[in-house]
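Trainee: structure for this input, please:
(one chain, ligands or ions: 1)
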Amino acid sequence: MKIAILGFGTVGSGVFDVINMNSEIIAKRAGKPIEVKYVLDLRDFPGNPVEKVLVHDVNIILDDPEVKIIAEVMGGMEPAFEFTKKALSRGKSVCTSNKELVAAHGAELIELAAKNNCDYYFEASVGGGIPIIRSLCDSLVGDDILEIKGIVNGTTNYILTRMGEDGLDFNVALKEAQDNGYAERNPAADIDGIDAQRKAAILASLAAGAQVDCDDIPTEGITKVTAEDIAAAKGLGAKIKLLVNIRRDDEKVSAMVAPFLVFENCQLYHVNNVFNGILVTGNATGDVLFYGKGAGKLPTAGAVAGDIIEAAKYYGLPSDTIWSREKANMAKQGSSVGRFYVRLNENEAMEARKLLGVTAESASSKSGEVAFITEAMSEDDFNSKIAKLNALSKIRVYD
Ligand code: HSE
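Mentor: Residues are numbered from 1 along each chain as shown. Purely as a prediction, here's the structure:
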């Protein structure tokens, strides 16, 4: 079975390494040897073993009938979208880590694959090395998925952990995440929550079996989270985590991405550094927790390699991933109820306590400031009340 890899960056070079490193067990498990015939990249890699199979023109790959499977690990919308459509139209299965493309066009590409008797796999698009996609599509397929909550961005979890546990400055922690190969090419996609939003769109679409667009998902990143908030959260017995929060009820879906205070009694409190944790609640199975490395060369490459073996084993027998292009019915935003963490100047504390109620209070690390947790209320209610104050920080609480 001949395959090609599009992109020789962090993930692409990892896929190349895993396929070569594990060639014997892969041959056994796929029922046939798998050989990388081409790697596509614009760059040259003098002295690297990839040189023997490196090409700069995608048509060499698309026009070669021997290539049956393509790993698209270039990332970004174009030209990945165009290459994927052309590959699927020619009956080549595509395995990808490209969450941007899957979130926007997953349903369409699954449909195109089925029409051409091949497959579109995207295990590595969410949770890095965590087998969450196949679990939702196969193992948990008998469940109605009611909730998916979790940490799905390794870079921001790494940054928040290093700031919280080791007192590192935001930019130093980000630089470490970049050096470890966790961050997106443009790290704003991580820290503004866009990467988590794309992953939330994929998870919500699979849970609903219908299209949830990124635009349907209100999103906040971690740029407003300060060292003072992390310290005050610690004083309250909590950590700050960037979470996706997906809920389904009465045929409606709601999804959001935002920083939350998470307490020690929740499993997600213990998910640190580059690890991701995803809590899935099914109406039959109940709660299932997925935990593993959410970013990095080999964990992500391992997930792509798993897809390649699956594609090789079932070549010509396309799977039936249920993700229709029809729009999912989205719940009205602002109606979800929860508690909120607020940090503000002491001179506003009395009014704030009266307006929002207090269920827990912590000293802020800065003198002249207080931090506390409000009573439970709807997002809309909280927003109208907090608008009357000059809050320095406001963060949702995961209860
Ligand atoms: N930048 C992403 C993350 C890579 O940090 O999670 C894996 O999708």
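Trainee: check which element follows the lowest-mean-pLDDT helix or strand in the chain along the chain.
Mentor: Sorting the helices and strands of the chain by mean pLDDT, DSSP states H and E puts strand 360-363 at the bottom, at a mean of 81. Next along the chain after strand 360-363, taking DSSP states H and E as the criterion, comes strand 369-373.
Trainee: quick one on the thing from earlier: quick one: strands adjacent to the least confident helix or strand of the chain?
Mentor: strand 369-373 (antiparallel) (DSSP bridges).
Trainee: off-centre distance for the partner strand?
Mentor: Relative to the centre of its chain, strand 369-373 is centred 31 Å away, using CA atoms, centre = their mean, to the nearest Å.
Trainee: dump it to CSV, restricted to CA.
Mentor: Taking C-alpha atoms only, strand 369-373 is exported to CSV below (Å, rounded to 0.1, in the frame of the first residue of the first chain):
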residue,chain,number,x,y,z
GLU,A,369,-8.4,44.4,45.1
VAL,A,370,-10.8,41.6,46.0
ALA,A,371,-11.8,38.5,44.2
PHE,A,372,-14.9,36.4,44.8
ILE,A,373,-17.3,33.9,43.3
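Trainee: same question for it, mean pLDDT?
Mentor: Mean pLDDT, strand 369-373: 94.
Trainee: need the next SSE after it, C-terminal direction.
Mentor: strand 377-378.
Trainee: distance from the next helix or strand after that next one to the middle of the chain?
Mentor: Per DSSP H and E, the first helix or strand lying C-terminal to strand 377-378 is helix 379-386. When distances are taken as CA atoms, centre = their mean, helix 379-386 is centred 28 Å away from the chain's centroid.
Trainee: just the residues contacting the least confident helix or strand of the chain, thanks.
Mentor: By CB atoms under 8 Å, 6 or more residues apart in numbering, the surrounding residues in contact with strand 360-363 are 232-233, 235-236, 370-373. C-beta: built from backbone N, CA, C; applies to glycine.
Trainee: what is the mean pLDDT for the helix or strand harbouring Leu243?
Mentor: Assigned by DSSP H and E, Leu243 falls within strand 238-249. Average pLDDT, strand 238-249: 96.
Trainee: quick one: strands adjacent to that strand?
Mentor: In its sheet, and by DSSP bridges, strand 238-249 pairs with strand 145-151 (antiparallel), strand 252-263 (antiparallel).
Trainee: kindly export that strand (C-alpha atoms) in PDB.
Mentor: Taking Å, rounded to 0.1, in the frame of the first residue of the first chain, the C-alpha atoms of strand 238-249 are listed here in PDB:
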ATOM      1  CA  ALA A 238      -9.300  26.300  41.800                       C
ATOM      2  CA  LYS A 239      -7.200  26.400  38.700                       C
ATOM      3  CA  ILE A 240      -8.000  28.300  35.500                       C
ATOM      4  CA  LYS A 241      -8.500  26.100  32.400                       C
ATOM      5  CA  LEU A 242      -9.600  26.900  28.900                       C
ATOM      6  CA  LEU A 243     -12.600  24.600  28.300                       C
ATOM      7  CA  VAL A 244     -15.000  23.700  25.600                       C
ATOM      8  CA  ASN A 245     -18.500  23.200  26.900                       C
ATOM      9  CA  ILE A 246     -20.900  21.400  24.600                       C
ATOM     10  CA  ARG A 247     -24.500  20.500  25.700                       C
ATOM     11  CA  ARG A 248     -27.400  18.900  23.900                       C
ATOM     12  CA  ASP A 249     -31.000  18.900  25.100                       C
END
